[in-house]
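Engineer: my questions concern the predicted model and sequence given below.
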Amino acid sequence: MPFQATSPLTALNQRLLAAPPPPRDIAPEISPQIQEIIYRALEREPSHRYATAREFAWDLEHPDQVGIDEGRESRNAKTSHVS
C-alpha cells in the first residue's frame with residue numbers, strides 16, 4: 001500500500017493530497033525504470049496512467065525500454081509530506 005493510515009478516510013485523504021513515497025526509498029534495489037512504471041500505474045490523472053493492462057505488462061516485461069521522467073521525483077517530493 002502506498003499510504004499507511006489508521007482509517008479508510010485518512011488513507012483516502014492521503015491519496016487525494018499526497019504523493020506516495022518513492023518506491024526506491026522503500027526498496028533501494030528497485031531500478032529507476034521499475035520505479036517509473038510504478039509511478040505511472042499510480043498516476044492520479046487517468047490520461048497519464050497506462051491505458052491498458054497490455055501496456056502495463058509490456059513495460060514490466062521490457063523495463064530497459066522505459067523512459068525516466070526526471071521531473072516526476074521533484075513533483076512528487078513537493079506533495080509527499082502533506083498530512
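Structural biologist: Great, that's in hand.

Engineer: name the residues that touch the helix or strand that contains residue 40?
Structural biologist: Following DSSP states H and E, the helix or strand that holds residue 40 is helix 32-42. In this structure, residues lying in contact with helix 32-42 by CB atoms under 8 Å, 6 or more residues apart in numbering are 2, 20, 22-24, 30, 48-50, 56, 59-60, 63-64, 66-69, 72, 76. Using the backbone N, CA and C atoms, a C-beta is placed for each residue, glycine as well.

Engineer: got the buried residues for that helix?
Structural biologist: 33, 34, 35, 36, 37, 38, 39, 40 (16 or more other CB atoms under 10 Å).

Engineer: may I have that helix exported as CSV, CA atoms only?
Structural biologist: Extracted C-alpha coordinates of helix 32-42, given in CSV (Å, rounded to 0.1, in the frame of the first residue of the first chain):
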residue,chain,number,x,y,z
PRO,A,32,14.7,3.6,-11.8
GLN,A,33,12.7,2.1,-14.7
ILE,A,34,10.6,-0.1,-12.4
GLN,A,35,10.0,2.9,-10.2
GLU,A,36,8.9,4.8,-13.2
ILE,A,37,6.4,2.0,-14.1
ILE,A,38,5.1,2.1,-10.5
TYR,A,39,4.6,5.9,-10.7
ARG,A,40,2.8,5.7,-14.0
ALA,A,41,0.5,3.0,-12.6
LEU,A,42,-0.3,5.2,-9.6
